[in-house]
Structure formats: structure tokens, C-alpha cells
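> Need a 3D model of the sequence below.
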Amino acid sequence: IVEYEAPGCFGGHVHAGGEVDPARGMLLSKIADTCTGVDALVMPCPNCYRAVKHLSSEPATRIPPVMHPLEFLVMNVPMDKLRAKRTRSIKGLRVSPFYGCLFRKCCGDAEESEKPQYMEDFFEKLGLDAVWFPESNECCGGPKYLDSPDALGALSKRILDSASNWGIDIISVACAQCYSLLEGYGQSDKIIGEDEVVVMYYSQVAGYLMGLDKRVLFPSRKG
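Below you'll find the predicted structure:
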């Protein structure tokens, strides 16, 4: 794995179907030049992931396959290696993946796009059975923030209320926008295991199972 410095920002929210303006075209060209010979390009930023994956669909861009870190982990890390690192259990807590619209229109398979299984597969490798709730693939409202910021509270509340009604203890997310909006609305930066619905990155759930110190997982909390 080689870490590359990003040549620039793709301009925030870029939706599939948009035209490639000259500035983004130059960024794509820089990425292609930098990543010559790379087998896959892993992008943690949800906006960059969606934008570059869509814009790189044309062969002329010379961009290697674009993957989210969650996709990369599921497809490239063997189950036995992950399970060997597990030192904790969260048996009795219901953990539910929340994808929002992160992978929508980014997956080659239509069924995978509408109902991703990346977190379920990842957690299964760690010996954790994830549960489902109806809003797991609903948009958190992040891409609409600039258009209607007042509507975000209602969207976040609906998602959190649904999870609570389904008895979910932990909502696991793979998108920074989803985490920011849901965690911000629910003020859910709590130590794992408290009564209210907790919002965590999938990597935090995995880190907890692997024995990472709570101060590493929740640096904003004291104690």
C-alpha cells in the first residue's frame, strides 16, 4: 500500500451525471499521472470517492479502479487474519450498518447498489452478526445540505427514531457526512454500551472488537 498526496479537491458534492469541468479534468489527469501502475485507488472521502469513481468510468481518464476503504477491506483482507485480531465481544448489542447513499450508483451491480453488504461481510469476518433496519440505505441529507439545511434535523431524527424503534444499539456508518449529521443530531459520542443509539464508524466498531483503547476510539471524551 502506497499513500499518495491528493492533487486537489474535487469541489465538495459532485453527483453522478454531472459534466467534467476543466478543473476536475485537470485533477483527473494529475491522479492518472501519479497513480501509473497502481492496481487500485482507495479513497476515504465520500465526495471524492463518488466523484472520481463516476468521472473515471471513461477509459480515456486512465484512472485505476476506485475503491472505498470498506470495499478494500472486504475484498482483500482474509477472514482468518481479521478474526485472529479479535479480543473483545459485544454480544447482546444490536449493531446495524447504515450506508446512506454512499454506494448508490457507484456499484456495478444494481442489487449491490441498492442493498450493499460490505459492512455485513466485514463484521462477519470479525465474528459479529449485523442486523438490518429499514432506513439503512436512505440518504442522511448531506448532499442536500447547501440546498436545505433546515431539513437535515428531520431526516436525522427519522433515521435515529427508526433505529431506536427497531431496537438498534449501534448505527455503524462508512461516510463522514452521515457520521457528522447523525452523531451531531443525536449527540451520540458515547462510550459503547450505553442505552441510547450510538453512531460509530465501522472502523470504530472493528477497533473496539480488536481491543483498541477507548481513548483512541473516542478521543473527544475524558476518562
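
> Tell me the helix or strand right after the lowest-mean-pLDDT helix or strand in the chain.
Least confident helix or strand, the chain: helix 110-114 with a mean of 59, by mean pLDDT, DSSP states H and E. Sequence-wise, the next helix or strand downstream of helix 110-114 (DSSP states H and E) is helix 118-125.

> For that next one, C-alpha coordinates in CSV please.
This file holds the C-alpha atoms of helix 118-125, laid out as CSV (Å, rounded to 0.1, in the frame of the first residue of the first chain):
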residue,chain,number,x,y,z
TYR,A,118,-19.9,-4.5,2.7
MET,A,119,-20.3,-3.9,6.4
GLU,A,120,-22.2,-7.1,7.0
ASP,A,121,-19.4,-9.0,5.3
PHE,A,122,-16.7,-7.1,7.2
PHE,A,123,-18.3,-7.7,10.6
GLU,A,124,-18.9,-11.3,9.8
LYS,A,125,-15.2,-11.7,9.4
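
> Does anything pack onto that helix? Which helices or strands?
helix 69-76, helix 79-84, strand 95-98, helix 202-209 (3 or more CB pairs under 8 Å, 6 or more residues apart in numbering; DSSP states H and E). No exception for glycine: its C-beta is placed from N, CA and C like everyone else's.

> and the angle for that helix with helix 69-76?
50 degrees (axes from the mean of the first three to the mean of the last three CA atoms, to 10 degrees).

> what's the angle from helix 118-125 to helix 202-209?
10 degrees.

> what does helix 118-125 contact?
68, 70-71, 73-74, 77, 79, 82-83, 95, 97, 99, 103, 129-130, 172, 174, 202, 205-206 (CB atoms under 8 Å, 6 or more residues apart in numbering).

> Quick one: neighbours of Ser96, just the number.
22 (other CB atoms under 10 Å).

> sorry, back to before: can I get the buried part of the contacts of helix 118-125 as one ChimeraX selection?
Buried members of the contacts of helix 118-125, defined by 16 or more other CB atoms under 10 Å, are picked up in ChimeraX with:
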select :68,70,71,73,74,82,95,97,99,103,130,172,174,202,205,206
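
> what ranges of this structure fall below the confidence cut-off?
Counting by pLDDT under 70, the chain has low-confidence residues at 1-2, 4-24, 57-60, 105-114, 143-152, 185-195, 215-223.

> Where do the strands of it begin and end?
41-42, 66-67, 95-98, 170-173, 198-201 (DSSP state E).

> returning to that earlier point: who wins for proximity to Ser56 among the helices and strands packed on helix 118-125?
Ser56 sits nearest to helix 69-76 of all these, at 14.7 Å, using CB to CB.

> same for that closest one, what does it pack against?
Using 3+ CB pairs under 8 Å, 6+ apart, helix 69-76 is in contact with helix 118-125.
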